[in-house]
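Student: Take this sequence and fold it.
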Amino acid sequence: MSTVAVNEEALEDALARAKFSGVVAVHVRGERTFVQARGWAHRAHRVPMTPATRMGLASGSKAFTALAAMRLVEQSVLSLDAPVRQWLGTDLPLIDDAVTLEHLLTHTSGIGDYLDEDAGGEVSDYILTQPVHRLVTASDYLSELAGHPQREAPGETFRYNNGGFVVASLVIERAAGGDFQDVVAREVFTRAGLSGTAFERSDRLPADVALGYLEDDGDWTNVLHLPVRGGGDGGAVSNVDDLDRFWRAFGAGVIVSADAVAEMVRPRHEVPDEGMRYGLGVWLHASGPQWIIEGYDAGVSMRSTHDPDTGTTVTVLSNTSEGAWPVIGVTEAMFSA
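Tutor: Residues are numbered from 1 along each chain as shown. Just a heads-up that it's a prediction; the model follows:
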C-alpha cells in the first residue's frame with residue numbers, strides 16, 4: 001500500500017451509526033493527515049472531545065507489558081524461556097511450574113484466567129471480586145488470580161488470557177523491584193517520548209482524560225467496573241498522537257532493540273476468530289505487515305494499526321464500550337489492498 005485514502009463518506013456513515021464518541025486519526029510518517037473528534041469527554045459537564053483527549057486503551061496496553069518484559073530480558077534480569085515459578089515462589093500454586101514468560105506473553109500459558117472472555121457475560125457486568133480501589137499494584141491481584149486451575153499444558157494452545165499478562169506484570173514487578181506501572185513508565189513511556197501515555201487512577205483523572213461510558217447515552221461510567229489503576233492486562237490512557245509516536249519508536253528500535261522488535265512481531269499464531277495473527281504482546285494483520293493493538297472493556301473500545309512499510313498509523317479511540325467497532329470496520333479497509 002503506497003498511499004492512504006480515507007473513505008470519508010463511509011466513515012461519516014459509521015460515525016453516525018455508532019453515535020461515535022472519541023477520536024479517529026491517520027498519521028503518515030509522523031504527520032497527522034486526518035482527524036475527527038466527536039462527542040463528549042465528560043457528558044455531564046459537556047466537555048467536548050478534542051484530538052488531544054486521552055482515553056483508555058484497555059487491552060491495548062498489553063503491548064506495554066510485553067515491552068517492559070522485553071526490556072528486562074535485554075538487561076538479563078528476566079528470560080523468555082525460563083519458568084516464572086522462580087518469581088512466583090509459593091504464590092499461585094495452580095500455575096504449572098513449566099510456564100515461562102514467553103508463554104504468558106503469547107497467550108499460550110494454559111493457566112486459568114481470572115477474566116475469562118470465553119465465559120460470556122456482558123461488558124457492563126461487575127466481574128472483580130474485590131473493591132476496585134484495592135487493585136493498584138500487581139501484587140494486589142493475587143486474590144483475583146488465585147483458585148483458577150490450569151486449563152492446558154503450557155505451550156499447547158493459543159487462548160486469549162488476561163490473567164497471563166497480570167502474572168507477567170507480577171513477575172516484572174518482582175524482578176525489577178518496583179511497582180509495575182513505574183517500570184513501564186521508565187522502560188517504555190519515557191524511552192519512547194510518550195508524554196500523554198500513563199496509568200492514571202480513575203478516581204483522580206486529569207482534565208484531559210475522558211470518562212468511559214458503558215452506554216451510548218446517559219452518564220453511567222466505568223469507574224466501578226475496572227481497577228482504580230490499570231495493570232498488566234490493560235488500563236493505560238493515551239491519545240492518537242502519542243500512539244503514532246509509540247509505533248514509530250517501537251519500529252525504530254528506540255524502546256527495545258531491532259532484534260527484540262522482530263521477535264515481538266514474528267507471527268506465532270493464526271487467530272481466525274479475530275481475523276488476525278498474534279506475535280508477542282501485539283496483534284498482526286491476517287496477511288499484511290501491519291502491527292495492531294486493540295482494546296475492549298467497560299467504557300473503552302479502540303484499535304491502533306501501524307504499517308511499518310508506509311509509516312502509516314490509523315487509530316480509533318472511543319470512550320464507549322461499543323462505539324469504535326463500526327468505525328474500525330471502515331478504517332481497517334484501508335489496509336486490505
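Student: gap between the two ends of stretch 91-102?
Tutor: 19 Å (CA to CA, to the nearest Å).
Student: mind listing what's buried in that stretch?
Tutor: 92, 95-96, 99-102 (16 or more other CB atoms under 10 Å). The C-beta positions use only the backbone N, C-alpha and C, and glycine is treated the same way.
Student: Nearest to Ala146 among these?
Tutor: Closest approach to Ala146 among the buried residues of stretch 91-102 (CB to CB): Leu92, at 6.1 Å.
Student: Does that closest one touch Glu144 like I think?
Tutor: No: with contact defined as CB atoms under 8 Å, Leu92 does not reach Glu144; the gap is 10.6 Å.
Student: Okay, strands next: where are they in the stretch 201-337 of the chain?
Tutor: Counting by DSSP state E, counting those that start in this stretch, the stretch 201-337 of the chain has these strands, from start to end: 237-238, 269-271, 276-278, 283-285, 291-297, 300-307, 312-318.
Student: Can you flag which of the buried residues of stretch 91-102 belong to helices?
Tutor: Among the buried residues of stretch 91-102, the ones falling in helices (DSSP state H) are 101-102.
Student: Let me have the buried residues of stretch 91-102 in CSV, adding distance to Ser79 as columns.
Tutor: Output for the buried residues of stretch 91-102, formatted as CSV (distance: CB to CB, whole Å):
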residue, distance to Ser79
Leu92, 19
Ile95, 17
Asp96, 17
Val99, 13
Thr100, 8
Leu101, 7
Glu102, 9
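Student: hey, C-alpha coordinates of stretch 124-143 in CSV?
Tutor: The C-alpha coordinates for stretch 124-143 follow below in CSV (Å, rounded to 0.1, in the frame of the first residue of the first chain):
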residue,chain,number,x,y,z
SER,A,124,-21.3,-4.0,31.9
ASP,A,125,-21.0,-6.9,34.3
TYR,A,126,-19.2,-6.3,37.6
ILE,A,127,-16.6,-9.0,37.4
LEU,A,128,-14.0,-8.2,40.0
THR,A,129,-14.3,-10.0,43.3
GLN,A,130,-12.9,-7.2,45.5
PRO,A,131,-13.4,-3.4,45.7
VAL,A,132,-11.7,-1.8,42.7
HIS,A,133,-9.8,0.7,44.8
ARG,A,134,-7.7,-2.2,46.2
LEU,A,135,-6.3,-3.1,42.8
VAL,A,136,-3.2,-0.8,42.4
THR,A,137,0.0,-2.8,42.2
ALA,A,138,0.5,-6.2,40.5
SER,A,139,0.6,-7.9,43.9
ASP,A,140,-2.8,-6.6,44.7
TYR,A,141,-4.2,-9.0,42.1
LEU,A,142,-3.1,-12.2,43.8
SER,A,143,-6.5,-12.9,45.3
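Student: So what touches it?
Tutor: By CB atoms under 8 Å, 6 or more residues apart in numbering, the residues outside stretch 124-143 that reach it are 91-92, 114-115, 121, 144, 166, 169-170, 172-173, 179-180, 202-203, 214, 223-229, 231-232, 298, 321.
Student: let's see it at 6 Å
Tutor: Stretch 124-143 has contacts (CB atoms under 6 Å, 6 or more residues apart in numbering) with 166, 169-170, 173, 179-180, 214, 227-229.
Student: Identify the farthest-apart pair in those.
Tutor: Largest separation among the contacts of stretch 124-143 by CB to CB: Glu173 and Leu214, giving 30.0 Å.
Student: returning to that earlier point: out of the contacts of stretch 124-143, who's nearest Asp13?
Tutor: Within the contacts of stretch 124-143, the smallest distance to Asp13 is 24.2 Å, found for Leu214 (CB to CB).
Student: And the pLDDT at that closest one?
Tutor: For Leu214, the model assigns a pLDDT of 95.
Student: For the worst-scoring helix or strand of the chain on mean pLDDT, name the packing helices and strands.
Tutor: The helix or strand of the chain with the poorest confidence is helix 8-17; it has a mean of 89 (mean pLDDT, DSSP states H and E). Judged by 3 or more CB pairs under 6 Å, 6 or more residues apart in numbering; DSSP states H and E, the packing partners of helix 8-17 are helix 324-331.
Student: what angle sits between the helix it packs on and helix 8-17?
Tutor: Interaxial angle, helix 324-331 versus helix 8-17 (axes from the mean of the first three to the mean of the last three CA atoms, to 10 degrees): 170 degrees.
Student: pull the CA atoms of helix 324-331 into CSV?
Tutor: Taking C-alpha atoms only, helix 324-331 is exported to CSV below (Å, rounded to 0.1, in the frame of the first residue of the first chain):
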residue,chain,number,x,y,z
ALA,A,324,-15.2,2.1,18.0
TRP,A,325,-16.2,-1.0,16.1
PRO,A,326,-18.3,0.4,13.2
VAL,A,327,-15.5,3.0,12.6
ILE,A,328,-12.8,0.3,12.8
GLY,A,329,-14.7,-1.6,10.2
VAL,A,330,-14.2,1.3,7.8
THR,A,331,-10.6,2.3,8.7
